[in-house]
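Peer 1: kindly return the folded structure for what I paste below:
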Amino acid sequence: MSMDKLTIRQKLYLIFGILILFFVGNGAYSVYSLSQVNDTTMRIATEHLRGVLTVADSTSELASYRQCEYAAVTATTVPERVRAILETKKIGDQIDIKLDAIEPGLSGDAADTFQSLRTEWTNYRKETDEVMNLARTHQRDAAINESSKSVAAETQSVSAATEEQSASMDEVAEASRKLADLAGSLQESTAQFQI
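Peer 2: Presented below is the predicted three-dimensional model:
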């Protein structure tokens, strides 16, 4: 069938039919793409965001842990020392619980990095327990010396692993922002072609 043999009405129907098919196809593709972006965004929000928030919270708890540890070692009275030791243990247990909650949701490099963080934290807690035992037995000077020697290296390792984890979470957040921008531009494109 040649275009010359078609009437003007048939040509208009053909052109509008092709345009309608194009718009319907574009709309279907846009809906599919938005669905994919939504799925990815939901995965980031449910899996990765929780980890980012937990790491941020754990970082502040780690600072509190260090403060209690210092208070236990430098306490001048037995009640102050006991209170600080108990608070240190409580905060350490809370950090362990949060780390246990993060671990199942990780895979690949993030899991490896997290495992090294977890190992460093466990070593750090063992060292802290030794310092607390020295503080309990009123060997304050030995506790301070032991604390300053062994804990400094562990603190650096834990901080480095935390920074690595935070950097990978920042990459996830950046990818999420890019996906959100892409979804916005895709939605704007879809809005232009609404029938």
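
Peer 1: what's the closest non-adjacent residue to Ile95?
Peer 2: Spatially, and ignoring its direct neighbours in sequence, Ile95 is nearest to Glu61 (5.3 Å; Cβ to Cβ, 6 or more residues apart in numbering). The way it works is simple: take the backbone N, C-alpha and C, and place the C-beta from them, glycine included.

Peer 1: quick one, what contacts the one you found?
Peer 2: When contacts are counted by Cβ atoms under 8 Å, 6 or more residues apart in numbering, Glu61 touches Ile91, Gln94, Ile95, Lys98.

Peer 1: now the helix or strand containing it: average pLDDT?
Peer 2: Element membership for Glu61, per DSSP states H and E: helix 49-74. Per-residue pLDDT over helix 49-74 has a mean of 75.

Peer 1: the protein: helices as residue ranges?
Peer 2: Assigned by DSSP state H, the helices in the chain fall at 8-43, 49-74, 78-102, 108-136, 140-192.

Peer 1: now do the third one against helix 108-136, angle only.
Peer 2: Okay, so that is helix 78-102. Helix 78-102 runs at 170 degrees relative to helix 108-136, counting by axes from the mean of the first three to the mean of the last three Cα atoms, to 10 degrees.

Peer 1: and helix 78-102, what does it pack onto?
Peer 2: Contacts defined by 3 or more Cβ pairs under 8 Å, 6 or more residues apart in numbering; DSSP states H and E place helix 78-102 against helix 49-74, helix 108-136.

Peer 1: for that helix, buried residues please.
Peer 2: Arg81, Ala84, Ile85, Glu87, Thr88, Lys89, Ile91, Gly92, Ile95, Lys98, Leu99, Ile102 (16 or more other Cβ atoms under 10 Å).
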